[in-house]
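1. Next comes the sequence, and after it the predicted model I'd like to discuss.
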Amino acid sequence: MPTQPLSQKEIEDRLRELPGWSVEDARLVRSYRLPDHFAATALVVHVAQVQQELNHHSDLTLGYDTVALAVSTHSAGGALTEKDFALAERVEAIAPAHGAH
Ligand SMILES: C[C@H](O)[C@H](O)[C@H]1CNC2=NC(N)=NC(=O)C2=N1
């Protein structure tokens, strides 16, 4: 069964559980600051690993000491789905160990 778009209410409820994340231009987004460029790069590689495992991929942007994610579900016409929030939760779980805040 294809993943269904979440309702506005569902999105607001899920966002309350994910401090630091927001919806911009219909995508679920968050930026992290890291101690240095290697730490930021390591987080990118770790996120890439999670994305392969989930088969769900954000637009992932590496800066000098920043990592930014933006995700929506292409197969749902660019809507936000459970898959986007599942990815965000997994990234939240791994980011602190990289010194991300
Ligand atoms: C074939 C493969 O399952 C699809 O292309 C996956 C891969 N990663 C994806 N990532 C995102 N963000 N949305 C998708 O719909 C999606 N689909």
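-> Received the coordinates, thanks. Residues are numbered from 1 along each chain as shown.
2. how about the lengthiest helix in the chain: buried residues?
-> In the chain, assigned by DSSP state H, the helix with the most residues is helix 37-54. With burial defined by 16 or more other Cβ atoms under 10 Å, the residues of helix 37-54 counted as buried are 39, 40, 42, 43, 44, 46, 47, 50, 51. The way it works is simple: take the backbone N, C-alpha and C, and place the C-beta from them, glycine included.
3. For residue 31, see how far away the residue nearest to the fifth one when sequence neighbours are not counted is.
-> In this case it means residue 44. The spatially closest residue to residue 44, leaving aside those adjacent along the chain, is residue 62, at 5.1 Å (Cβ to Cβ, 6 or more residues apart in numbering). When distances are taken as Cβ to Cβ, to the nearest Å, residue 62 and residue 31 turn out to be 11 Å apart.
4. circling back to that earlier point, how many other residues sit next to the residue nearest to residue 44?
-> Residues within reach of residue 62, counting by other Cβ atoms under 10 Å, total 15.
5. Run through the bridge partners of it.
-> Per DSSP bridges, residues listed as beta-bridge partners of residue 62: residue 67.
6. now it: how far from residue 24?
-> Note on residue 62: its distance to residue 24, by Cβ to Cβ, is 19 Å.
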